[in-house]
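Peer 1: Give me a 3D structure for the following:
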Amino acid sequence: MVCLALIGLAGCTSNDPSRTGLFEPYRIDLPQGNYVTQAMLERVRVGMSAEQVRDALGSPLLGHVFHNDRWDYVFRFKHPNGSFEQRKVTVRFGSGRVTRIESDPLPPREDPADPALPGLKTQPRR
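Peer 2: All right, here's what the predicted structure looks like:
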């Protein structure tokens, strides 16, 4: 009887990666850094000035003391269950102009369903 109850209870747990389990403390979603989409990044081109890049992507999260020719836009989203997503965009400059752009895969545009979108209001748990 106890085994049946445990099996039934195990069936109630969620496969949702944003949840930790049946009896869980409340944990918040934790976005940190620069949220950059592919559409935003496509506005940046080789040859642009630093000010133009700042207008397109915002101020970089990391400014290197020893590498003034490199801007890193890092975004990390931690789900309540402890798993996380991390995205990074690096813009390199030479003589004050963009020479190279490196990027992890990014969401195509701001998607209201993207849990990492800052300000997204998630549905309350039932």
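Peer 1: residue ranges for the helices of the protein, please.
Peer 2: 2-10, 38-41, 50-57 (DSSP state H).
Peer 1: Least confident of the ones you listed, on average?
Peer 2: Set side by side, the helices of the chain give their lowest mean pLDDT on helix 2-10, at a mean of 58.
Peer 1: Just the pLDDT at S83, thanks.
Peer 2: 79.
Peer 1: Look at it and say how many residues are nearby.
Peer 2: 11 (other CB atoms under 10 Å). In this view, the C-beta of every residue, glycine as well, is placed from N, C-alpha and C.
Peer 1: what do you get for V36?
Peer 2: Neighbours of V36 using other CB under 10 Å come to 22.
Peer 1: Report the contact partners of it.
Peer 2: The contact partners of V36, taken as CB atoms under 8 Å, 6 or more residues apart in numbering, are L57, Y73, F75, R87, V89, L106.
Peer 1: now, among those, which is nearest to A113?
Peer 2: For the contacts of V36, the minimum distance to A113 (CB to CB) is 15.3 Å, reached by L106.
Peer 1: and the gap between the residue lying closest to the closest one once chain neighbours are set aside and L57?
Peer 2: Excluding the flanking residues, the one nearest L106 by CB to CB, 6 or more residues apart in numbering is Q38, at 4.5 Å. The gap separating Q38 from L57 is 12 Å, by CB to CB, to the nearest Å.
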